[in-house]
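1. Build the 3D model from these lines:
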Amino acid sequence: MRTPTYLSKFFKYLKILGFFILLNIIFILIFLKNPILPIFTFGIFRILFFNTFLVLIYLLAPKNKIKVLNKFKKSPEIFIEILSSITISMLLSILFWGLVPSIIDRSLSVNILGTLYHNKKGLTSKELNWSLYKNYMKEDYQTFKRIDEQIYVGNITKTKNDKYILTNRGKIISKINLFLSKYFNLDKSSSSPEQLID
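-> Sure thing, here's the model as predicted:
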């Protein structure tokens, strides 16, 4: 009994999708192995660049020069399958980068887990709090990591007298954060923190 056409098309699409997911995995394992700061934006921009590069190769490469592309350029259906596969694999890669390496690099929760892992007898909340200040905050290390990240994405700029201010984009993002915090009834200590009084 022959496999129904829609099933054979589905499996064909899965092969194409699997191919581009594999390319993204290889790219992450090789080219994002030693990320520079800021880690989150470093990885996201490079994943976007890599997948844009894949699309351009597909669209611009002469089909008679690359045999694989020759059969892929025959029908509009294949064209849609290729582009959707690249898009899905890119989004999965961004999701992975945002949920794994970036979280491990910046998460308070990961720090707490690491602290408890190295201290088998258990710790009180005061001891955990001390560990967070001692190991995670490390004076201004974490602050500068976040400042550099926000400068990189264009939300913050540095003035001539070494002060940091919001750009127009940063003001919009801050308003959105405040709105979402109010809408979902979240803790306001991040979106509207207590201010230092001179």
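2. Just checking, which helix or strand succeeds the helix or strand bottoming out on mean pLDDT in the chain along the chain?
-> Using mean pLDDT, DSSP states H and E, helix 67-72 stands out as the lowest-scoring helix or strand of the chain, at a mean of 53. Sequence order places helix 76-99 as the next helix or strand after helix 67-72, per DSSP states H and E.
3. okay, which residue is most central for this structure?
-> Gly98 (3.5 Å; CA atoms, centre = their mean).
4. That residue touches Ile44, doesn't it?
-> Yes: counting by CB atoms under 8 Å, Ile44 is a contact partner of Gly98 at 7.3 Å. All C-beta spots, glycine's among them, are computed from the backbone N, C-alpha and C.
5. need the contact list for Tyr117.
-> Listed by CB atoms under 8 Å, 6 or more residues apart in numbering, the contact set of Tyr117 is empty.
6. mind listing what's buried in the longest helix belonging to the chain?
-> For the chain, the helix with the greatest residue count under DSSP state H is helix 5-31. Neighbour counts using 16 or more other CB atoms under 10 Å place 13, 16-17, 20-21, 23-24, 27-28 of helix 5-31 among the buried residues.
7. so after it, what's the next helix or strand?
-> Downstream of helix 5-31 (by DSSP H and E), the next one is helix 39-60.
8. Could you pull out the buried residues of that next one?
-> 39-44, 46-47, 50-51, 54, 58.
9. check which helix or strand covers Asn111.
-> Assigned by DSSP H and E, Asn111 falls in helix 108-117.
10. gap between stretch 50-64 and the chain center?
-> Centre-to-centre, stretch 50-64 and its host chain are 23 Å apart (CA atoms, centre = their mean, to the nearest Å).
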